[in-house]
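Asker: Next one to model:
(2 chains)
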Amino acid sequence: MLYQQIARNKRKTIVVLAGFFLLISLVGAAFGRLFAGTAVGGVIFALILTLIYVVVIWGQSTDVVMNMNHAKEIHSAQEAPQLWHVVEDMAMVAQVPMPRVFIIDDPSPNAFATGNDPQHAAVAATAGLLQMMDREELEGVMGHEMSHVRNYDIRLQTIALALASAISLLVNFAGNFWWWGDGSRDDDDDSAGGVIALVGSILLIILAPLAATIAQMALSRNREYLADAGSVELTRNPQGLISALEKLKNAQPMKAADQSSSALYISDPLRNARHRPFWDNLFDTHPPLDDRIERLRHM
Amino acid sequence: MTWIIVLVIVILLVIWYVAIYNGLINLRTHAQESWSQIDVQLQRRNDLIPNLVSTVKGYSNYEAQTLEKVVQLRTKINSLPDSAHQEKMAASDQLTGALNHLFAVSERYPDLKASQEFSQLMEELTNTENKIAYSRQLYNSTVASFDAKIQTFPANIVAGIHHFTQLEYLKVPESAKETPKVDFSDLQQK
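Answerer: Coordinates of the predicted model:
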């Protein structure tokens, strides 16, 4: 099952990649047509910009993601012996190299993994997690994260994240250009062009959150179930993860978490936020904890 | 023409044979490497034990018998030859039991429990114990894939020619399944 899962993730990565490039080309075409009168030029410009952006992000995605989530790297077992040792154990049984380890100073218990591939992976845990979980529970959580690493989930997430940010960068760029362009030709009263520009930019603004949604859908909920199963395969101890998930149910929302990376966490870091838009439920990145616990009980 | 076809078939067969042989060697090396991982951890735990003994000695009469047993088992593990996998692991499991007992009773000695040195040692030993368990799990899964491979066609032919024999699983101790009994009766009387 694991090998099929890895193969499927690699295929999915290509599909997500293609979808994003299509989207970026569309944004570029609209942008080029609106402001330079050439759709092809816009596409080329957008693709080059994206390529540069993705290459830069790919090189330092771990640091970017960790920064966005206010995570600090620890370099030795002395700084957090239990966490470090548990991660070491899980990396050993998962047969992947020891990842970089980070701690997020947030009282809410949570954890995530990120990176480009198992050789360049990183895991982060919040201070709340370390304080609240005993060793077996921590093993369950870190086993879940190491499963994400081993299944190449982290690569898919990194690419989706980089492309989603590239799109919002383009949209911002187009927005600024529009304002600037609008101001420079205020005497040029061509209302038709103004309407097209308005409609176009509204479309672009709609496209950005859509892209983020596509990315999150690609990181399907099924992935979380699989990582839970993977964790039990590593620890041989479903009880540890079950009681960890039970504790996560009562967790407060995180303050340090960045919304764009919320899909990475073991449990949705913003789940309990009060002012949650109604449509958010449709695009939940995580299955309900109760369902996950139920599945673990039946293993 | 026929000669060329025969030659090609022979070459393909040789390549195929070599590939299977190399695959078997790789699997066996992998199993041997995972045994040495266990060995590293056994050694590390043995290195920690003198520290443990000197730390707890200060507390009068602290489980003198158990300590003696721990030291004996340590010597036993050191003296066993590297090839005696099962015996080594059996002694290691006894040592695990003795150490668990030591940690369980440490609850009765608040001074000892509060000492920084002891809690560090406890983390180190727990870490090593966990690594022994996990590397044993890893060893057994590498052994399983090697054993499965040499029994299935066509690798079984190659394995037969080169006398590859099945590797032995490390038995999981009965005691590992029990939770250590902690006796709090002393505490309640105070």
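Asker: Could you see whether chain A lies near the host helix or strand of B:Leu24?
Answerer: Per DSSP states H and E: B:Leu24 is located in helix B:2-57. Yes - looking at helix B:2-57 against chain A by CB under 8 Å from any CB of the partner chain, the contacts come from B:Gln37. Just so you know, the C-beta spots here come from the backbone N, C-alpha and C atoms, and that holds for glycine as well.
Asker: Pull the distance from that helix to the chain's centre.
Answerer: Offset of helix B:2-57 from its chain centre (CA atoms, centre = their mean, to the nearest Å): 15 Å.
Asker: Check which helices and strands it sits against.
Answerer: Packing partners of helix B:2-57 (3 or more CB pairs under 8 Å, 6 or more residues apart in numbering or on different chains; DSSP states H and E): helix B:64-79, helix B:85-105, helix B:116-151, helix B:155-161.
Asker: Repeat the analysis, applying 10 Å as the threshold.
Answerer: Where contact means 3 or more CB pairs under 10 Å, 6 or more residues apart in numbering or on different chains; DSSP states H and E, helix B:2-57 is packed against helix A:81-94, helix B:64-79, helix B:85-105, helix B:116-151, helix B:155-161.
Asker: which one of those lies closest to B:Ser34?
Answerer: Closest to B:Ser34 of the helices and strands packed on helix B:2-57, according to CB to CB: helix B:116-151, at 4.3 Å.
Asker: Please give me every residue in contact with B:Pro154.
Answerer: B:Trp16, B:Tyr17, B:Ile20 (CB atoms under 10 Å, 6 or more residues apart in numbering or on different chains).
Asker: Same question for A:Lys247.
Answerer: With CB under 10 Å, 6+ apart, A:Lys247 has these contacts: A:Pro109, A:Gly128, A:Leu129, A:Met132, A:Met133, A:Asp134, A:Glu137, A:Val141, A:Ser267, A:Leu289.
Asker: ditto for A:Leu129
Answerer: Counted by CB under 10 Å, 6+ apart, A:Leu129 has contacts A:83, A:103-104, A:106-111, A:137-138, A:141-142, A:244, A:247-248, A:251, A:266.
Asker: quick one: the one helix or strand it maps to to chain centroid distance?
Answerer: Secondary structure from DSSP H and E places A:Leu129 in helix A:127-132. Its chain's C-alpha centre and that of helix A:127-132 lie 22 Å apart, by CA atoms, centre = their mean.
Asker: again with stretch A:30-44
Answerer: 30 Å.
Asker: Next SSE downstream of the helix holding A:Leu129?
Answerer: Sequence order places helix A:135-150 as the next helix or strand after helix A:127-132, per DSSP H and E.
Asker: and the helix holding A:Leu129, what's its mean pLDDT?
Answerer: Across helix A:127-132, pLDDT averages out at 94.
Asker: same deal with stretch B:122-135?
Answerer: Per-residue scores along stretch B:122-135 average to 91.
Asker: right, is it up against chain A?
Answerer: Yes - Stretch B:122-135 is in contact with chain A by CB under 10 Å from any CB of the partner chain, via B:Glu123, B:Glu124, B:Thr126, B:Asn127, B:Thr128, B:Asn130, B:Lys131, B:Ala133, B:Tyr134, B:Ser135.
Asker: number of nearby residues for the first one?
Answerer: Read it as B:Glu123. Using other CB atoms under 10 Å in any protein chain shown, B:Glu123 has 16 neighbouring residues.
Asker: OK, contacts around it?
Answerer: Neighbours of B:Glu123 in contact, by CB under 10 Å, 6+ apart: A:Ala77, A:Pro81, A:Gln82, A:Trp84, A:His85, A:Arg135.
Asker: just the residues you listed that are near chain B?
Answerer: Within the contacts of B:Glu123, those near chain B by CB under 10 Å from any CB are A:Ala77, A:Pro81, A:Gln82, A:Trp84, A:His85, A:Arg135.
Asker: Please identify, among those, the one with the most neighbours.
Answerer: Ranking the ones next to chain B among the contacts of B:Glu123 using other CB under 10 Å puts A:His85 first, with 21 neighbours.
Asker: State the distance from the nearest residue to that one once chain neighbours are set aside to B:Leu48.
Answerer: Excluding its sequence neighbours, the residue lying closest to A:His85 (CB to CB, 6 or more residues apart in numbering or on different chains) is B:Asn127, at 4.1 Å. Distance of B:Asn127 to B:Leu48, computed by CB to CB, to the nearest Å: 10 Å.
Asker: Of these two, which one has the most company?
Answerer: B:Asn127 (23 against 17).
Asker: And the one residue in chain A that gets nearest to chain B, what's its pLDDT?
Answerer: The nearest approach of chain A to chain B comes at A:His85, 4.1 Å away (CB to the nearest CB). If you check A:His85, the pLDDT there is 95.
Asker: Tell me which residues touch it, please.
Answerer: Shown in contact with A:His85 (CB under 10 Å, 6+ apart): A:Ala77, A:Arg135, A:Leu138, A:Glu139, B:Glu123, B:Glu124, B:Thr126, B:Asn127, B:Thr128, B:Asn130, B:Lys131.
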